[in-house]
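Participant: Turn this into a structure:
(one chain, ligands or ions: 1)
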Amino acid sequence: MIQCLYCGRWFKNKQALRAHLKHCPAKTGKILNDGEEFLKLLLAEYIIMLFKKGKAVSGTEFIQKVGITEDQLLKFVNWMERNRYDEIPKLVVKARKTKSTTKA
Ligand SMILES: [Zn+2]
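Facilitator: Predicted coordinates:
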């Protein structure tokens with residue numbers, strides 16, 4: 001048995017632990033404090049949510065989905081604006097709309 005250093009859950013082997021670490025909420029929260037890697041992960045999650053939903057995702061929905069705090073959400077939003085990544089969700093929604101219009 002091997003323990004996750006971040007959240008304390010136990011796993012049967014290193015492989016299982018590695019798979020868990022990609023989603024461990026305690027670990028991702030820690031990475032967020034260190035810098036940009038987790039923000040990129042959040043952006044990916046956000047884009048996936050947008051694709052699935054096909055329209056804007058609210059902050060509350062996003063917090064519930066990825067399990068971050070409001071402070072973390074704020075940091076994420078600021079980071080997106082700073083890097084002009086906030087254009088990406090708009091493009092995704094626009095692309096989604098165009099696609100469904102073409103279908104219908
Ligand atoms: Zn963990």
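Participant: quick one, helices of the protein?
Facilitator: Taking DSSP state H, the helices of the chain run over residues 14-21, 25-34, 36-53, 59-66, 70-82, 87-103.
Participant: Just the CA atoms of the last one, as CSV, please.
Facilitator: As requested, the backbone C-alpha atoms of helix 87-103 are provided in CSV (Å, rounded to 0.1, in the frame of the first residue of the first chain):
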residue,chain,number,x,y,z
GLU,A,87,-10.8,34.7,-25.5
ILE,A,88,-10.6,30.9,-25.6
PRO,A,89,-13.9,30.1,-23.9
LYS,A,90,-15.6,32.7,-26.1
LEU,A,91,-14.2,31.0,-29.2
VAL,A,92,-15.3,27.6,-27.9
VAL,A,93,-18.9,28.7,-27.4
LYS,A,94,-18.9,30.5,-30.7
ALA,A,95,-17.6,27.4,-32.5
ARG,A,96,-20.1,25.2,-30.7
LYS,A,97,-23.0,27.5,-31.8
THR,A,98,-21.8,27.6,-35.4
LYS,A,99,-21.6,23.8,-35.4
SER,A,100,-25.1,23.3,-34.0
THR,A,101,-26.5,25.9,-36.4
THR,A,102,-25.0,24.0,-39.4
LYS,A,103,-26.5,20.8,-38.2
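Participant: so that helix versus helix 70-82, what angle?
Facilitator: 80 degrees (axes from the mean of the first three to the mean of the last three Cα atoms, to 10 degrees).
Participant: Buried residues, helix 87-103. List them.
Facilitator: Pro89, Val92, Val93, Arg96 (16 or more other Cβ atoms under 10 Å). (Glycine included, C-beta is placed from N, CA and C.)
Participant: ok, these vs Ile48, which is closest?
Facilitator: Val92 (9.6 Å; Cβ to Cβ).
Participant: number of nearby residues for the nearest residue to the closest one once chain neighbours are set aside?
Facilitator: Nearest non-adjacent residue to Val92, counting by Cβ to Cβ, 6 or more residues apart in numbering: Leu50, 4.5 Å away. A total of 21 residues lie near Leu50 under the criterion other Cβ atoms under 10 Å.
Participant: In the protein, which residue is most central in space?
Facilitator: Compute the mean C-alpha point of the chain, and by Cα atoms, centre = their mean the closest residue is Leu42, 2.6 Å away.
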